[in-house]
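Engineer: Here is my input, please return the structure:
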Amino acid sequence: PRQSAPPGTGGGRPASIIPPPNDALSGLQAAARAIQAHFASAGAQGGQSAAELGNDANNKEIAVLVRGQLCTALSRVMLHGFKSFKLIGRYHIWDFVQSASDAVHEKHSNMDGEYTDAERSLTKAVVQVNDHEGMATNPNIKFRSFVCQGLNDRLLHEWIHVLTRDDATMTKFYETWAYVRASESALSMVMETLRPLNDLPFHLSLDYEITRWDL
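Structural biologist: The predicted model follows:
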């Protein structure tokens with residue numbers, strides 16, 4: 001089946017601009033390993049502590065590793081089979097995140113039960129990102145800041161599960177053959193790739209690209 005082009009790439013380009021799922025997953029795995037290697041250098045030869053290495057106010061490299069590499073790799077996985085076209089305009093991956101968050105609230109408004117820690121932190125992060133005036137017109141920065149907050153909360157891998165749990169949202173935004181929708185095993189591989197990052201002390205600013213990004 002023909003794949004929708006990702007937002008911002010132009011609908012006329014071939015579908016091959018998005019790599020096959022296995023290649024996209026390997027990119028995500030490489031980005032995660034690079035972050036783990038970054039933290040593994042903590043304290044070496046009198047260098048920065050793990051907490052300092054995870055703080056983008058003190059360490060520019062972690063900002064590059066997360067916003068420049070991990071977020072890009074994760075978006076490539078999540079754009080596989082993404083339905084970017086709509087009646088007027090195009091969907092962005094942030095539209096999916098917003099709809100998934102809304103679905104969590106709707107689920108709890110229609111039934112008893114407490115929000116899980118992952119649901120609570122995810123929906124709170126969506127509000128925090130949307131409320132930031134500097135990100136209002138840039139869904140790319142919103143998505144990257146959202147991922148940063150998931151790392152701060154040490155729940156990013158569980159957020160992936162929350163995002164992909166509502167059937168109506170997944171049907172609206174993804175083809176049936178999309179990597180994050182096609183099988184539980186594929187989704188589990190994404191989650192397991194991100195899981196080790198939950199043990200690392202991140203302190204990432206949501207507004208980094210607005211106030212300090214200088215690549």
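Engineer: could you point out where the chain is predicted with low confidence?
Structural biologist: Counting by pLDDT under 70, the chain shows low-confidence ranges at 1-22, 45-46, 87, 112, 213-215.
Engineer: Distance of residue 39 relative to residue 58?
Structural biologist: 13 Å (C-beta to C-beta, to the nearest Å). All C-beta atoms are positioned from the backbone trio N, CA, C, and that covers glycine.
Engineer: Determine the longest helix present in the chain.
Structural biologist: Ordering each helix of the chain by length in residues (DSSP state H) puts helix 21-40 first.
Engineer: Dump that helix to CSV, restricted to CA.
Structural biologist: C-alpha atoms of helix 21-40 as CSV (Å, rounded to 0.1, in the frame of the first residue of the first chain):
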residue,chain,number,x,y,z
PRO,A,21,10.1,-0.3,9.9
ASN,A,22,13.2,-2.3,10.7
ASP,A,23,15.5,0.5,9.6
ALA,A,24,13.5,3.0,11.5
LEU,A,25,13.6,0.9,14.7
SER,A,26,17.4,0.4,14.4
GLY,A,27,17.7,4.2,14.2
LEU,A,28,15.7,4.5,17.4
GLN,A,29,17.8,1.8,19.1
ALA,A,30,21.0,3.6,18.0
ALA,A,31,19.7,6.9,19.4
ALA,A,32,18.9,5.2,22.7
ARG,A,33,22.3,3.5,23.0
ALA,A,34,24.0,6.9,22.3
ILE,A,35,22.2,8.4,25.2
GLN,A,36,23.1,5.5,27.5
ALA,A,37,26.8,5.9,26.4
HIS,A,38,26.6,9.6,27.2
PHE,A,39,25.5,8.8,30.8
ALA,A,40,28.0,6.0,31.1
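Engineer: Please say which of residue 39 and residue 58 ends up with more neighbours.
Structural biologist: The neighbour comparison of residue 39 against residue 58 (other C-beta atoms under 10 Å) goes to residue 39, with 19 against 13.
Engineer: can you pull the contacts of the more buried one?
Structural biologist: Counting by C-beta atoms under 8 Å, 6 or more residues apart in numbering, residue 39 makes contact with 50, 53, 54, 200.
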